[in-house]
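A.B. asks: Sharing a sequence plus its predicted fold:
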Amino acid sequence: MVAMKHILVPTDFSEPSERARSMAVDLARAFKAKLTLLHVWTIPSVGYAEALTWPIDEMEQAARRALDEVRARTVKECPDTEAVLQLGREWQVVLDVAKDRKVDLIVMGTHGRRGLPRLILGSVAEKVVRLSPVPVMTVSSSVPQEG
């Protein structure tokens, strides 16, 4: 059996991310692994961006509060949990953190977007799966139907 010593869980605080976090906690407990929660925040890009002023400090503080709340819940289940907040391009930061922290597995939620929404919004999970040097477990947003 492959030993998992360190699991990375990127989160955007969505329902699929919460499901991925829950699965990662179960895996971390089974393998006695360290868990790293990661949230990547971005500054929205729009046309005429020079005309807009983004409340960057407030955006970062809100992301930190949300990540700290997720970490507080997770530590109760998996004491060896850290939280990392970074600014950047989501898929690239996930891959960089995985490499820098030498993780053995990435567990992440996926929204399962298709068609135009996927084209417009992109797929962070797809890029991570394609480019990751370590295994990636994706957790969908829908609960499988039994029967």
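C.D. replies: In hand now; what should we look at?
A.B. asks: contacts and neighbour counts: CA atoms only from here.
C.D. replies: Will do.
A.B. asks: So what's the residue count around residue 133?
C.D. replies: Using other C-alpha atoms under 10 Å, the number of residues around residue 133 comes to 14.
A.B. asks: whoops, residue 109 was the one
C.D. replies: Residue neighbour count, defined by other C-alpha under 10 Å, stands at 25 for residue 109.
A.B. asks: cool, residue 65 as well?
C.D. replies: Number of residues near residue 65 (other C-alpha under 10 Å) recorded here: 11.
A.B. asks: Okay, and it sits in which element?
C.D. replies: Element membership for residue 65 (DSSP states H and E) is helix 56-77.
A.B. asks: next helix or strand past that helix?
C.D. replies: Assigned by DSSP H and E, the successor of helix 56-77 is strand 81-87.
A.B. asks: ok, and what's touching that next one?
C.D. replies: Residues outside strand 81-87 that contact it (C-alpha atoms under 8 Å, 6 or more residues apart in numbering): 34-42, 63-64, 67-68, 71, 74-75, 93.
A.B. asks: Please apply the same query to stretch 94-114.
C.D. replies: So stretch 94-114 is in contact with 4-11, 16-21, 23-24, 38, 40, 123, 125, 128, 131-132, 134-141, going by C-alpha under 8 Å, 6+ apart.
A.B. asks: Show me which residues of that stretch are buried.
C.D. replies: Burial within stretch 94-114, assessed by neighbour count using 16 or more other C-alpha atoms under 10 Å, is assigned to 94-95, 97-98, 103-111.
A.B. asks: Among those residues, name the ones in helices.
C.D. replies: Among the buried residues of stretch 94-114, the ones falling in helices (DSSP state H) are 94-95, 97-98.
A.B. asks: State the mean pLDDT of stretch 129-146.
C.D. replies: What stretch 129-146 shows for mean pLDDT is 79.
A.B. asks: ok, now stretch 8-27?
C.D. replies: Averaging pLDDT residue by residue across stretch 8-27 gives 95.
A.B. asks: what's the spacing between stretch 91-106 and its chain's center?
C.D. replies: Averaging C-alpha positions (C-alpha atoms, centre = their mean, to the nearest Å) puts stretch 91-106 10 Å from its chain's average.
A.B. asks: That stretch - what's its average pLDDT?
C.D. replies: 97.
A.B. asks: Can you show me the CA trace of it as CSV?
C.D. replies: Provided in CSV are the C-alpha atoms of stretch 91-106 (Å, rounded to 0.1, in the frame of the first residue of the first chain):
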residue,chain,number,x,y,z
TRP,A,91,-4.1,25.9,-11.0
GLN,A,92,-0.5,27.2,-11.0
VAL,A,93,-0.5,27.9,-7.3
VAL,A,94,-2.0,24.5,-6.5
LEU,A,95,0.8,22.9,-8.5
ASP,A,96,3.5,25.1,-6.9
VAL,A,97,2.3,24.4,-3.4
ALA,A,98,2.1,20.7,-4.1
LYS,A,99,5.7,20.7,-5.3
ASP,A,100,7.1,23.1,-2.6
ARG,A,101,5.4,21.1,0.3
LYS,A,102,6.2,17.7,-1.3
VAL,A,103,2.6,16.5,-1.0
ASP,A,104,1.7,12.9,-1.9
LEU,A,105,-1.9,13.5,-3.0
ILE,A,106,-4.1,16.4,-4.1
